[in-house]
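Okay, sequence plus prediction incoming.
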Amino acid sequence: MSPRIRFLMCAPDHYDVDYVINPWMEGNIHKSSPDRAVEQWQKLHFVLKEHATVDLVAPQKGIPDMVFTANAGLVLGQQVVLSRFLHKERQGEEPYFKQWFEENGYTVNELPKDLPFEGAGDALLDREGRWLWAGYGFRSELDSHPYLAKWLDIEVVSLRLIDERFYHLDTCFCPLANGYLLYYPAAFDSYSNRMIEMRVAPEKRIAIAEADAVNFACNAVNVEDIVVMNQASDALKARLRDAGFQVIETPLNEFLKAGGAAKCLTLRVTEPVREEVHANVSVESRIIRLEGHLLDSGLINRALDLIIDTGGSFQVLNFNLGEQRQSTSAAEVKVSAPSHEVMEGILSLLIDLGAVDLPQDERDAILEPVLQDGVAPDDFYVSTIYPTEVRIHGEWVRVDNQRMDGAIAITQTPKGQKAECKILRDLLVGEQVITDVLGIRTIRKTESRELRNSQEFSFMSSGVSSERRVEIVVEQVAWELRKIRDAGGKVVVTAGPVVIHTGGGEHLARLIREGYVQSLLAGNAIAVHDMEQSIMGTSLGMDMKRGVAVRGGHRHHLKIINTIRRYGSIAKAVEAGVVKNGIMYECVTNNVPFVLAGSIRDDGPLPDTQMDLIKAQEEYAQQLKGTDMILMLSSMLHSIGVGNMTPSGVKMVCVDINPAVVTKLSDRGSIESVGVVTDVGLFLSLLIQQLDKLTSPYHAVVG
Ligand SMILES: NC(=O)c1ccc[n+]([C@@H]2O[C@H](COP(=O)([O-])OP(=O)(O)OC[C@H]3O[C@@H](n4cnc5c(N)ncnc54)[C@H](O)[C@@H]3O)[C@@H](O)[C@H]2O)c1
């Protein structure tokens, strides 16, 4: 027995499941047996007394969870950080625990009100005393961690809990003697798992499976080589034995009904201080400002959800609600993250939502030089589709060539600073690149409920349409195509060979002929299939009129490629009268530029197919300049390529039979994109019918 080690426990005289504040309590109200609870508690008490000293705090009537003394506070040396319970049901415990600590000579530190922290339930010392593991996500706030570091003068490693069954750190994490760690990895987010793996060597990590985790195997009390717990599988016991530990199982299922077991029922009140260890915490906080129709458009919810989902926490400092329906609201939110890396991730997403870092008038963007052509500094800010401004020498500069997945390069020109999105390979030594997330803001269109619900033409809420909505979307697209054509605007089409297989080729050809398309971005296949159909009436060997395979028809495909190669280009084959109709014919005869980007699966290729992919990307980007609308027709490859090059503000219609492709393309958070899950041939035929309606003289009378 080690006389130095002391625990605090509280007899279960008033223990019961009286309310539900965690998933374990659900369905268990008043279902625990008082007699069995007393018996189980006494057994645990007896076991611990064999190995340590156990102090008792007096139980209080009407405070059933006081039995879980782990949540009284966190002790290190003579310092205690008293718990501030999240749920009002447990807040009544605070004065009793405070009194006990004061009477026993501890210095009690109290957190600000409204900053929850639930003691040793959410903060566990490395058993060598090197640092403190601190949990957040359910009960304790991340913002409490800097206080722990300061008051206890120790390094704090923040870990985020993501499984509500394991709502306190000590339900899924148990540091053991000799640097071992017993834990359930699935209870933590990936960043936290990385933190754990960086600090605990693989041979010291005892990761348990769900079956042991739900028996609260991690909710264990470790006294030197003894590990006391509710229950462990044979495999876990063997693993612990191999690591030099003796497992003592003592049933605690009556307490499991309230979501606690051995560790929750105890608080270690002797924790030695290591003199050489000092305060250190990587938690960062920033204040951001969001403006717009924050409630109507759900923007504030999206921002707060995003902070939580990406591993941070928040506090809304101010919320000024716009009083009129049209007036906008403003919110100031304190964002906290466990590290600078996580903070950068959160802030770059918040910037996409239009948030600005405060105080914005004091922070310039951070620039770092390009040291190698084509390579950005490590911490470079990754550009998005949204119009962006960066603050340089106190001035906001608009970024040119907005696109996603680039870096923002800054160059000095005679007219001043120039900011431009560049893809990595185009960066040059001597340029400066924006790093970090300071001094960056995006300009978003104001979203409102009216806009989202509007039945007027609008490319609403980046929604993927159901079949019912296809016709409505087709009407909207037809109307927009008509408007753009009449205004001399620009529509770019990306299309895959499915357009031909589904019989949509003639419709797309008509759109080109009638001036609705100003540029075609595609690959080798659609051009080959289109000309095969034009010359031979088949597409990949299928008779397009009769829908049956033509004997030996697959050879048609290669014959066409060969023919066009003989003429040297598609245009020359058209001029020679070899290609007499179809998509490529219309492009050539109507001077509609097309770019065919090569791919590894291309047969041939056609002489026009650009097999140098960097050149193909540049030619695509060139064609996309000044585009008003992009119609993306059943080509995942080319449509995603185009999507990445396109700034927000360009209307995008993505048609694909696969909802996953449509979601990927239309879900850019941009209000101008719309996805249509349907057969592309059907879509094109409906679109032509609709355009006919719009141009028919009868339409004006009827409509
Ligand atoms: N023989 C060739 O040279 C040859 C043949 C095929 C593809 N390719 C090349 O391979 C690359 C990728 O080709 P891709 O763009 O066809 O393939 P892709 O896989 O990128 O996209 C095809 C898309 O069409 C969708 N689709 C399938 N049936 C549909 C329907 N009935 N209606 C609507 N959508 C439907 C699919 O869900 C998919 O997203 C291109 O560069 C292409 O030129 C070359």
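Structure's in. What do you need? Residues are numbered from 1 along each chain as shown.

Domain map for this structure?
Here the domain parsing of the chain from automatic domain parsing is 6-275, 283-363+440-450, 368-437, 454-702.

Save these as CSV, and put in mean pLDDT too.
Output for the domains of the chain, formatted as CSV (pLDDT from 0 to 100):
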stretch, mean pLDDT
domain 6-275, 96
domain 283-363+440-450, 86
domain 368-437, 93
domain 454-702, 88
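
Please name the residues that touch the residue in the chain that the ligand sits nearest to.
Using CB to the nearest ligand atom, the closest approach of the chain to the ligand is made by Gly523 at 2.4 Å. Every C-beta, even on glycine, is put in place using the N, C-alpha and C of the backbone. Shown in contact with Gly523 (CB atoms under 8 Å, 6 or more residues apart in numbering): 496-497, 596-599, 602, 609, 635, 637-638.

Can you select the buried ones from those in ChimeraX?
With 16 or more other CB atoms under 10 Å as the criterion, this ChimeraX line picks the buried residues out of these:
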select :496,497,596,597,598,599,602,609,635,638
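
and the contacts of Gly523, which of them are in helices?
With helices taken from DSSP state H, the overlap with the contacts of Gly523 comprises 637-638.

just curious, which of the contacts of Gly523 is nearest to Asp628?
Checking the contacts of Gly523 against Asp628 by CB to CB gives His638 as the nearest, at 18.8 Å.

How about the secondary structure of the residue nearest to that closest one when sequence neighbours are not counted?
Closest residue in space to His638, ignoring its immediate chain neighbours: Thr494 at 4.5 Å, by CB to CB, 6 or more residues apart in numbering. Assigned by DSSP: H, G, I helix; E, B strand; the rest coil, the conformation of Thr494 is strand.

residues near Thr494, how many?
Around Thr494 sit 29 other residues, with neighbours defined as other CB atoms under 10 Å.

and stretch 492-510, how far out from the chain's middle?
35 Å (CA atoms, centre = their mean, to the nearest Å).

Would you mind writing the CA trace of it as PDB?
These are the backbone C-alpha positions of stretch 492-510, laid out as PDB (Å, rounded to 0.1, in the frame of the first residue of the first chain):
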ATOM      1  CA  VAL A 492     -19.800  27.400 -71.500                       C
ATOM      2  CA  VAL A 493     -20.800  23.800 -71.800                       C
ATOM      3  CA  THR A 494     -18.800  20.900 -70.400                       C
ATOM      4  CA  ALA A 495     -20.000  17.600 -71.700                       C
ATOM      5  CA  GLY A 496     -19.100  13.900 -71.600                       C
ATOM      6  CA  PRO A 497     -19.800  11.100 -74.200                       C
ATOM      7  CA  VAL A 498     -23.000  10.100 -72.300                       C
ATOM      8  CA  VAL A 499     -24.600  13.000 -74.000                       C
ATOM      9  CA  ILE A 500     -24.300  11.100 -77.300                       C
ATOM     10  CA  HIS A 501     -25.300   7.700 -75.900                       C
ATOM     11  CA  THR A 502     -28.500   9.100 -74.400                       C
ATOM     12  CA  GLY A 503     -29.500  10.800 -77.700                       C
ATOM     13  CA  GLY A 504     -28.800  14.300 -76.400                       C
ATOM     14  CA  GLY A 505     -26.200  15.000 -79.200                       C
ATOM     15  CA  GLU A 506     -28.800  16.500 -81.600                       C
ATOM     16  CA  HIS A 507     -30.100  18.800 -78.800                       C
ATOM     17  CA  LEU A 508     -26.700  20.000 -77.800                       C
ATOM     18  CA  ALA A 509     -25.900  20.600 -81.500                       C
ATOM     19  CA  ARG A 510     -29.000  22.700 -81.800                       C
END
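
Wondering if it reaches the ligand at all.
Yes: applying CB under 6 Å from any ligand atom, one finds stretch 492-510 touching the ligand at 496-498, 502.

Could I get these in JSON lines, plus columns for distance to Leu358?
Compiled in JSON lines, the residues of stretch 492-510 next to the ligand are given as follows (distance: CB to CB, whole Å):
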{"residue": "Gly496", "distance to Leu358": "46"}
{"residue": "Pro497", "distance to Leu358": "51"}
{"residue": "Val498", "distance to Leu358": "49"}
{"residue": "Thr502", "distance to Leu358": "52"}
